[in-house]
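1. Task: produce atomic coordinates for the following.
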Amino acid sequence: MVITQRRKLGRSELEVSPLSFGGNVFGWTIDENSSFDILDHFIEAGGNFIDTADVYSKWVTGNQGGESEIILGKWLKQRGNRDRVVIATKVGNDMGVKGKGLSRKYIQQAVEDSLQRLQTDYIDLYQSHIDDENTPLEETLETYAELIRQGKVRAIGASNYSAERLLQALEISRQHGYPRYESLQPRYNLYDRDGYEQDLQQISQEQEIGVISYSSLCSGFLSGKYRSEEDLSISLRGSSVKRYLNPRGLRILKAIDQVAKTYNSTPTQVSLAWLIANPTITSPIVSATKVEQLNDIIKAVNLHLDQDAIDLLNQASSSNS
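-> Predicted coordinates:
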């Protein structure tokens with residue numbers, strides 16, 4: 001199973017695979033050797049888009065942040081494949097004593113730290129991880145413009161932005177001739193739909209913004225492996241799945257199972273194929289801790305759901321039904 005398709009990210013020159021690998025697991029649920037193995041398989045299968053952040057995985061006891069970028073950087077260096085991979089990372093989240101936010105001074109320091117950890121001299125997609133309302137949008141975007149002029153960044157994106165703030169940022173870029181946010185990273189999946197579909201989906205479509213949705217499988221819930229409270233002890237992420245175990249969540253799983261049976265596929269593949277089929281979604285982010293999981297995930301790229309299947313999933317996952 002090989003991914004051959006590439007999709008243009010927004011109006012940028014970046015061309016990415018229709019699935020992005022989420023590097024939040026590096027240095028958290030998998031160690032360096034396992035991370036290398038997973039990355040090798042993802043690239044061999046035709047994937048080229050890897051998403052990480054400076055803050056990954058600061059939440060782990062003993063970690064400081066930057067662990068994911070360090071592992072990714074070592075892999076890039078050892079494999080010598082930097083030009084074959086599109087690397088996306090983020091800035092702005094709380095790095096403890098190192099700081100946070102999207103001020104000019106902080107971004108200038110944070111980008112150098114990320115470049116050093118990634119062992120590269122440029123970042124393909126540099127994203128504002130969370131909005132910083134204490135810093136003028138003009139200051140943030142002007143700083144990104146400098147980084148692009150210097151060749152340290154190729155394109156910029158926004159993560160976790162409201163529709164209002166995203167529109168403001170796009171307008172400021174237009175007025176001042178700054179680079180604009182070419183991508184948006186919202187939480188979006190069959191369970192968490194309203195936050196994206198309410199306003200952001202239309203903006204993304206109208207403004208030709210590439211969307212790289214995260215939490216594509218609801219921390220594994222949409223893979224079907226968590227169907228009762230007893231299942232929550234299966235993995236480290238089980239505790240974050242508990243909120244999905246309700247009548248609506250189980251109704252969604254039932255519809256996914258039905259579609260999976262029709263297509264002789266798996267719940268994971270169906271959940272991702274539903275995202276990939278959305279014309280406003282460029283590349284859903286998904287992670288794996290085992291090669292077997294990754295093989296399952298990759299098959300979603302070639303699972304083409306018909307309108308009946310999409311309608312069934314839409315109806316079952318509607319927050320109004």
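2. how close does residue 115 sit to residue 170?
-> As judged by Cβ to Cβ, to the nearest Å, residue 115 and residue 170 stand 27 Å apart. Just so you know, the C-beta spots here come from the backbone N, C-alpha and C atoms, and that holds for glycine as well.
3. Residues touching stretch 62-70, excluding its own?
-> The contact list for stretch 62-70, computed with Cβ atoms under 8 Å, 6 or more residues apart in numbering, reads 23-28, 52-58, 60, 89, 95-96, 98, 113-114, 117-118.
4. Run through this structure and note the low-pLDDT ranges.
-> 1, 234-238, 321 (pLDDT under 70).
5. swap the cut-off to 50 and go again
-> Along the chain, the model assigns pLDDT under 50 to no residue.
6. Which helix runs longest in it?
-> As assigned by DSSP state H, the longest helix anywhere in the chain is helix 247-263.
7. mind listing the strands for the stretch 151-300 of the chain?
-> Applying DSSP state E, counting those that start in this stretch to the stretch 151-300 of the chain gives strands spanning 153-159, 181-185, 210-211, 285-286.
8. Can I get these in JSON lines including distance to residue 201?
-> Listed next are the strands of the stretch 151-300 of the chain as JSON lines, based on distance: least, Cβ to Cβ, whole Å:
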{"stretch": "strand 153-159", "distance to residue 201": "15"}
{"stretch": "strand 181-185", "distance to residue 201": "10"}
{"stretch": "strand 210-211", "distance to residue 201": "8"}
{"stretch": "strand 285-286", "distance to residue 201": "17"}
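9. mind checking which of the ones you listed is nearest residue 43?
-> With Cβ to Cβ, the closest approach to residue 43 among the strands of the stretch 151-300 of the chain belongs to strand 285-286: 15.1 Å.
10. What ranges does the protein have for its helices?
-> Counting by DSSP H, the helices of the chain are 32-44, 67-79, 104-118, 137-149, 163-176, 194-197, 200-207, 247-263, 267-276, 291-298, 307-317.
11. Just name the most buried of those.
-> helix 267-276 (a mean of 25; mean count of other Cβ atoms under 10 Å).
12. Could you export the strands of the stretch 151-300 of the chain to TSV, including columns for distance to residue 175 and mean neighbour count?
-> Below are the strands of the stretch 151-300 of the chain laid out as TSV (distance: least, Cβ to Cβ, whole Å; neighbours: other Cβ atoms under 10 Å):
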stretch	distance to residue 175	mean neighbour count
strand 153-159	16	25
strand 181-185	14	25
strand 210-211	22	24
strand 285-286	31	24
